[in-house]
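A.B. asks: dropping the sequence and predicted coords here.
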Amino acid sequence: MQRVQVLRILNDKIKTMAALEQIEDDNEDIGTRLRVVRQIYGLTQRELARRAGVTNGAISLIEQNRVSPSISSLKKILDGIPLSLADFFTLDFTASDNVFFTAGELTEIAFGDAISMRMVGRRVQDRALQMLREVYQPGADTGEAMLRHHGEECGIVVSGTLVVTVGAQEKLLNPGDAYYFNSDIPHRFRNPGPAPCVLISASSPPSF
């Protein structure tokens, strides 16, 4: 057996032993953890019970923390997912960053009085996505020098009207209309209407 395989087996055994030791301390949390794992994998209690060869009632009692499963019973249930005992106890379900943001917590990106762009999760680390709530006042324009950056972007007009120019294409968008294009293509946004235009947009990777 190759050295890498031996090391992998030993590592798995160490993780499993640690997981088994943790059962003694975390019995009251097994039910909650099982429910979360089951939902993450998109399984109903009935489907997990069928896969594991146990009764639906057994799954329900464990998830309510009304019974504490034995190691062999828990392993049998997890085999129906499938998921190892070690992974079951070491999966981290806590969010590393804030998940929800109030309207006041959106970060304003100043473009003068004519254009407002409020970003969701500005301080989230390693963002792969940028989402904005944009407001273009009547006559607002991103400028004749068209925008251009790497990535893709899309948006949906919530209210008002917005003229979007992408390369040689141009269209007046009304509420409910949307766009999606490669951001490497020069583009421009302007509001020709008498009322503010509200837009929800997203781009990846972030340009701000």
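C.D. replies: Yep, that arrived.
A.B. asks: show me where this structure has strands.
C.D. replies: Assigned by DSSP state E, the chain shows strands spanning 107-110, 115-119, 130-136, 152-159, 162-166, 169-173, 178-182, 187-190, 197-204.
A.B. asks: in TSV: those, plus distance to Glu47, mean pLDDT and mean neighbour count.
C.D. replies: Heads up, the C-betas are built off the backbone N, CA and C, glycines and all. Below are the strands of the chain laid out as TSV (distance: least, C-beta to C-beta, whole Å; pLDDT from 0 to 100; neighbours: other C-beta atoms under 10 Å):
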stretch	distance to Glu47	mean pLDDT	mean neighbour count
strand 107-110	42	83	12
strand 115-119	40	94	19
strand 130-136	34	95	21
strand 152-159	35	98	17
strand 162-166	45	98	20
strand 169-173	43	98	13
strand 178-182	36	97	14
strand 187-190	46	97	20
strand 197-204	34	97	19
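A.B. asks: adding distance to Leu61, write those out as JSON lines.
C.D. replies: Formatted as JSON lines, the strands of the chain follow (distance: least, C-beta to C-beta, whole Å):
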{"stretch": "strand 107-110", "distance to Leu61": "47"}
{"stretch": "strand 115-119", "distance to Leu61": "46"}
{"stretch": "strand 130-136", "distance to Leu61": "42"}
{"stretch": "strand 152-159", "distance to Leu61": "46"}
{"stretch": "strand 162-166", "distance to Leu61": "55"}
{"stretch": "strand 169-173", "distance to Leu61": "54"}
{"stretch": "strand 178-182", "distance to Leu61": "48"}
{"stretch": "strand 187-190", "distance to Leu61": "57"}
{"stretch": "strand 197-204", "distance to Leu61": "43"}
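A.B. asks: relative to Gly31, which of those strands is closest?
C.D. replies: Nearest to Gly31 among the strands of the chain is strand 130-136 (35.4 Å), distances taken as C-beta to C-beta.
A.B. asks: tell me which other helices or strands the closest one touches.
C.D. replies: Using 3 or more C-beta pairs under 8 Å, 6 or more residues apart in numbering; DSSP states H and E as the contact test, the elements touching strand 130-136 are strand 115-119, strand 197-204.
A.B. asks: sheet partners, orientation included, of the last one?
C.D. replies: In its sheet, strand 197-204 lies beside strand 130-136 (antiparallel), strand 152-159 (antiparallel), with partners assigned from DSSP bridges.
A.B. asks: so can I have JSON lines of those strands showing distance to Ile40?
C.D. replies: Shown next, in JSON lines, are those (distance: least, C-beta to C-beta, whole Å):
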{"stretch": "strand 130-136", "distance to Ile40": "24"}
{"stretch": "strand 152-159", "distance to Ile40": "27"}
